[in-house]
Structure formats: structure tokens, C-alpha cells
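Chemist: Pasting a predicted model and its sequence here:
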Number of protein chains: 2
Amino acid sequence: MPGYSRFLSERASLIQPSPLSSIISKINEIAKKGIKVISFAAGDPDPNVLPREELSKISQEILHDIPSSVLYTPSIGLEELREELSKFISRYDFTVSSDELILTGGSTVAIDLLARILVDSGDIVILENPSYINTLLAFRQLGADLIGVNIDENGMNVEELEKTLKNLGEKLNRVKFIYTIPTCQNPAGVTMSLERRKNLLEIATKYDLLILEDTAYNYLYFGEHTLPTLKSMDKEGRVIATGTLSKIMGTGFRIGWLAAPNDLRKLIIAEKQQIEFCPPTISQYLAIEFLKRRIYERSIEKAKRVYQEKLRVMLGLLKDRISEARFIEPKGGMFIMLELPNIDGEKFSNDLLENKAVATIPAKKFHVQGGENRIRLNFSRPSIQEIEEGIMRFAEYYRNYEKRDGE
Amino acid sequence: MPGYSRFLSERASLIQPSPLSSIISKINEIAKKGIKVISFAAGDPDPNVLPREELSKISQEILHDIPSSVLYTPSIGLEELREELSKFISRYDFTVSSDELILTGGSTVAIDLLARILVDSGDIVILENPSYINTLLAFRQLGADLIGVNIDENGMNVEELEKTLKNLGEKLNRVKFIYTIPTCQNPAGVTMSLERRKNLLEIATKYDLLILEDTAYNYLYFGEHTLPTLKSMDKEGRVIATGTLSKIMGTGFRIGWLAAPNDLRKLIIAEKQQIEFCPPTISQYLAIEFLKRRIYERSIEKAKRVYQEKLRVMLGLLKDRISEARFIEPKGGMFIMLELPNIDGEKFSNDLLENKAVATIPAKKFHVQGGENRIRLNFSRPSIQEIEEGIMRFAEYYRNYEKRDGE
């Protein structure tokens, strides 16, 4: 038997499992016992919001009519999809041509490809504290030292960011980029204010830094006018943007995109072909029709309406039943992050799932520092009834948990 | 404007573009002029062999009936697909349980995930010379030093392998694994004999090495009984196997798999979630039905029949028209590799495409050393007529090219 340790690279020690998989396994175990789990653990849209009938009909047409729908596509993605997507992104996010877009099998792939080009072991990546766990762990896998800048109701605290940069001294040139999800952030649901966005760009200019802007939840901002993207305000080519069709079209289709300056883009394209070859073809053809037939826009409107109502119900119940819970009210997205005094979030989340069949995600591992008493709740996927029932169970369990904890 | 060079990591210098994309671009350019290109450049199945009608109907059913078909799956893939696949692989390749399989968005993703865990910069990876270009370049991206072991009609020359290992001295412990495609190899179409397979395993034991066995073309071996996989003969847990549904079901669906020993598998699962999250869901549901309804087996039989005939036609024409061409007759797969005396393969391939609208892939970059006068031809994708017309144009152009070259 080969002794594996000899075969492993240094990188193996940097790989940390995300808690998401173990929670999904636990949910499945409990479900197998015949107990219905109410899950606030997902990062998915509500499948009832998605136009599955239309998708179903279109998929049949595509596979029937287009022989190449079952074959490889160019590594950067189908030209027609890049064109449709560039029109859409240009309308809502920032001006971009189809040639500037690289399509990937989900935006996690895009972020990883970019980070692999930019980050050497010991480099620094700055991100919101907390930030999206998979991205955070992906940067760690590459050996990056992470600096977390705290957030408040206006997003990343830019004063804290600037202070941090000032104090870095020599190490400043190890900073490879600032990763941010400015709109309806995961996990905290927070949206960065216009002023903060401007400040962030000024700071990037002042310290000559790159920014990686993740637009994943842009279309789920409930307000009338979405705040301008950092990329749209960037005059210097220092913002790289990434996004996904997942949140609106469905998370299973695996279509993400990246828009980077030309020289960087060429490297990513060369790198990409050897790693994921091409994004799934059938998903790309579906996405073309989704955009062309304006199903995407209708789905956005429907999703916003439905999720806003779900959030309203969840917030009402939380305020009513768990008055100790502190949180920032999201202006959209899919998540709300609770801070509960005097609990260990990981233990509580686990106990709640085992005892009350309510699944949540402990938020500690979304943090660079702190977050021990925080829990992430998803409000997009569960039904209104599930939200009502689930938050009631949560509140009841928390009430007794507190007492038991205080004994 | 940020000076990008400062932001790039050392790894950026290791990224080499594959010639595949530039050839696809050139084909598209020529096609836009209204000239019909005959392509032997693809790595795709013939879409007319694929049961698109059935796929079309099944996709409609899935999206209609299964709400979760549009959502994330567990990162390792749907349990039901892993079960169906484990049954199939156990029948044809080696005994494996569903828990031992990790599903990925294509086998290139699987190979990259594994290599990232095993390979540090300066480590050695041994592979056939030539080998699959994207894998070869992916290992290079990680900073691996490649050692190419030449092949003949019985596959990898194991005597040369052993000599190489003996001569490595101190460096032997930098060898992370031997990558091999034993059956119907890409690009040379060669299949490793049973004796060589046994020898390879003995050598791996003797030098305590891991083997990564790529089974991509196993089901396209035209003979009655496929040779046993290395994994099926491995008693020591030193063979890691990877494979794909692409070659039979369609290359656009992006479903690959990896079977690795337990401790390694755990690391890959942890790593994977942060990079590609999950394989495309709709493809997974399609694959379940493909396997369950035995469409997969029927497609294999049909593909073998059709490709064998195409190969027969191509070989006949090559022998007849380009008598100088040397090649090993493939026993299956999708590719044949020609060696043409006195040509520069890259220049010839380019000239042939521009002057005769026949696309081929120069094989030099599939090689660690040599291969300058080699060209890869695909016989699965073009029609019989295209093969006839294309090889005639090829032969005619080569004839004059030789003369012109000799002047």
C-alpha cells in the first residue's frame, strides 16, 4: 500500500472542508428517518419561481433541433450566449462587449481560475468579513493570507480598509486584490452604499490595487434602482467583474462569467481550456433562449416579488419571536445573518437540526475573524409556511437553549 | 491603470495556450468566408450517432417533473447517478461502489483537482509521449516537470520507463504519479497490451508510485473483449482512475468521474466544493436515465460500429494515397496520429487549413519531446464522405507540398 503522505503536496494541508457538505449529509440522514427537515441552509432559488415549463419545452427543442447542442463548445463559451449576455450585462451592470466575457461552469470556477493566476502562496487577499465561504476557502487553498474588513449596514467599512492598508507597510505589495460582493452580500445580505463604492475605488487607486467584484446577487436587489457596479465606475481597468446566471435561471445549470482586462483575460482563456474545457453546452443553449425570449427578466421580477415577501415574513417573525437576535435588514438577495448573544453558532446550528429538524448554516467559517455566534438563514428557497413553522421552532428551541445554557 | 505584471503570480508564466482554440478560431474564420471546412480536428463524437431524440424527450420530462433538476446537487454528484455509474463501471472497468466515485464537470476537472493535491512545483509527472495535450499542459501549469515515455503499437514502452526511473536517482521521490491512457490513447490511438499493463503495475510497486489511469476511450475499443483496466488489476490501492461520459453521451454534458483511495478522495471532495461546486444538474439527471434505460450501452454499440467503418475508410485512403505516412493502426477510439517525413507539422497543418480547408491538429504540443512531424486526425466526427473528400485533398496537397519543399 502506498504511503499517501509522501504523494501529497504542501497544498493538501491548505484544503479545508466547507461545512455546507456536512450539513447537507446530515439533512439527508434525518430525512431518511422520515422526518421532514425545514431548511434555511440552501443557497438556491425557489424552484417554483423558475419557469420550469418553459425550460422544459426549450430543452426539448434544443436537443432536437441543434446537433451541436450535445458537443463541446469553444472554451470561452458560445458566441451567441456571450452576445446575449453582454447586452444584458451592459443594460444592468456595466458596458461590456461579448469578446470581453469568458463563460465558465459557474462563477466559482471563474474566481478560482483568476485567483490561480494572481495568487502565490503568502500573498494577501482582502475581503469582507464575513464573505462567501467557498471563495474564502478557495483563496486559502492557494495559500493566500486573508484580511477581513468588517461590514456594517452600508457594506465594507472603508475606513477600516484604509487603516489596514496603511498598516501593512512592506507587505502592501503582497496584496493581490480586494474581493467584494457589493450588492446583497452572502452571507450577511448587506449592500454597499454608493458613497462606500466611490471610496473603495479611490482607495484602490491610491494603493494601486485590483478589485474582484462579485455581482452574484445584483438582480435580486429589491429596490427600484440597483446601485452602480464598481466596474461601471472604474476608469482605470482595475475592477475585474464576475457573475452568474445561477440565482435567477437556476443554480444547477452552471453558467458563470468573468470580465477582465485584456492581458489577464488571455491568460485565463489559455488556463481554462486545460481545466474545465468548456461550460455545459445544453445550459448555454438554454441560457441563450432565456435571455433572448426575455424569460430572464420576467424571472427576475417574479423572484424579487416572491423573495421580498418571504423576507418580510421572516423578518417579522424574527423580530417578534427572537428579540435578542441582531441582524442587518437585507435589501435583497437570499440571506440574512443572525447574531445571537451567548451561543456557539456551530453547536446551536447542529443541535437545532438534530432536535428540531431545522437546518441553518453556522457563519463562523464565512469569517476571517469572529462570527462564532452568527448563523446564516436562507429565505429564498423555503416556502412561506416553512418559514413560519421553521422560525417558530427555531425561536422555541432558542428560548429553552438559552435557559439551559444559563443553568 | 494598474501595472498588471505586479499582480501576476509566478504561475502565470507556466500557462501555455493550447493550439486547439486557435485552430477552432481559424476554422470559424474560414467558415465565415462561406468556405466549407472539412474538420479532422475535433475530439467529439458524431452527433448523428447520439440518440438526440431520446435525450430531447428525457430532458423535457426531467425539467417538467423534477423541481430539483434546476438546483445545486451535492458536490460529489447525485447519489442515484453515482449508483448507476458504479454499476456500469463495475460491469466494464473495475469494481467500485457509489461512495467511491466523485462526479465532476468533465474529467479534465477531475484530473486537475487531483493534480493540485499531488503536485508541487518541481515535482515530476511521467506520461506517455505523446499524451493528451490538455492534461499535459495542466500538469505544466502546476509547475510539474514532465517525463515522456515513448509509445509503440503496444502502448507505453515499459522498459524505457524502468530505465528512466533507475536513472532518476535522488529525484525519484519527486515523481508524483504516472499518467496513462491505456486504451485507444489520445492522440496516438494506441492500446497498451496486457503484458505491458502487468509490467507497468509491477514497476509502480517496485518504485512505490501512484498511477492515474484515464479510461476516456475504454468503451470505444472495437475488439470483443476490452483489456482489463490497471485499476482492476491493482491490489495495492495505487491506481487512481478517471473517466467520462462525454465520448458516448456527448462531450457537451460535462460529466466526468474519479475513483481514488479514501484519504485522497476526502481531500478532493473538500477541495472541489470551493472550485466547481457541483457538476451540471440537468446533465446528471440525463445521465441517470441514459444509464438506467440502457441507452448508454446501445449508443456504445452504435458508436463502435460507425467509428470502426470510418476508421476503415480513413486507413484505406491513407495507405493508398499517402504511402509515406507512418502510423499505428488504432484498435478503437477517435484518433489516428500520422508521422509524415520531412514536414513541419505545425506549418503543414496551418497551410493545409488555409489552402485546402482541411483542419487537422499538429501533434507536437502533445509531446514532451519530438513529434514535430506528426499530425492528429479525428475519425469519429466527420462523415464518411468528408473523410473521403478530406483525405483526398490532404493527399493532393501533401504531394505538392513535398515537391515544393524539396525544391
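Modeler: In hand now; what should we look at?
Chemist: who touches whichever residue of the stretch 101-250 of chain A sits closest to chain B in this structure?
Modeler: When distances are taken as CB to the nearest CB, the stretch 101-250 of chain A reaches nearest to chain B at A:Gly250, 3.3 Å away. All C-beta spots, glycine's among them, are computed from the backbone N, C-alpha and C. Going by CB atoms under 8 Å, 6 or more residues apart in numbering or on different chains, A:Gly250 touches A:45, A:47, A:50, A:55, B:70-71, B:281.
Chemist: from those, which ones fall inside strands?
Modeler: Under the assignment DSSP state E, these contribute nothing to strands.
Chemist: of the residues you listed, closest to A:Pro341?
Modeler: Nearest to A:Pro341 among the contacts of A:Gly250, counting by CB to CB, is A:Pro45 at 32.0 Å.
Chemist: what residues are up against that closest one?
Modeler: When the contact criterion is CB under 8 Å, 6+ apart, the partners of A:Pro45 are A:247-248, A:250-251, A:303, A:334, A:380-381, B:70-71.
Chemist: top strand in chain A by residue count?
Modeler: Taking DSSP E as the criterion, chain A has its longest strand at strand A:145-152.
Chemist: contacting residues around that one?
Modeler: Among residues not part of strand A:145-152, those counted as contacts by CB under 8 Å, 6+ apart are A:122-131, A:136, A:139-140, A:156-157, A:160-161, A:164, A:174, A:185, A:188, A:190, A:328, A:367-369.
Chemist: mind running it again at 6 Å?
Modeler: If you take CB atoms under 6 Å, 6 or more residues apart in numbering or on different chains as the criterion, strand A:145-152 is touched by A:124-126, A:128-129, A:156-157, A:160-161, A:188, A:190, A:368-369.
Chemist: Pairing partners for that strand, with directions?
Modeler: Under the criterion DSSP bridges, strand A:145-152 sits next to strand A:124-129 (parallel), strand A:155-156 (antiparallel) in its sheet.
Chemist: from those strands, which stretch is densest packed?
Modeler: strand A:155-156 (a mean of 27; mean count of other CB atoms under 10 Å in any protein chain shown).
Chemist: mind checking how far it is from the chain centre?
Modeler: Relative to the centre of its chain, strand A:155-156 is centred 15 Å away, using CA atoms, centre = their mean, to the nearest Å.
Chemist: I'd like the average pLDDT over it.
Modeler: In this model, strand A:155-156 has a mean pLDDT of 98.
Chemist: Residues contacting it, please?
Modeler: Counting by CB under 6 Å, 6+ apart, strand A:155-156 makes contact with A:128, A:149, A:190, A:192, A:196, all of which sit outside it.
Chemist: Tell me who's in contact with the fourth one.
Modeler: Under the criterion of CB under 6 Å, 6+ apart, the neighbours of A:Met192 are A:155, A:182.
Chemist: ok, back up a step: of all the contacts of A:Gly250, which comes closest to B:Lys87?
Modeler: If you rank the contacts of A:Gly250 by distance to B:Lys87 using CB to CB, B:Thr281 comes first, at 20.8 Å.
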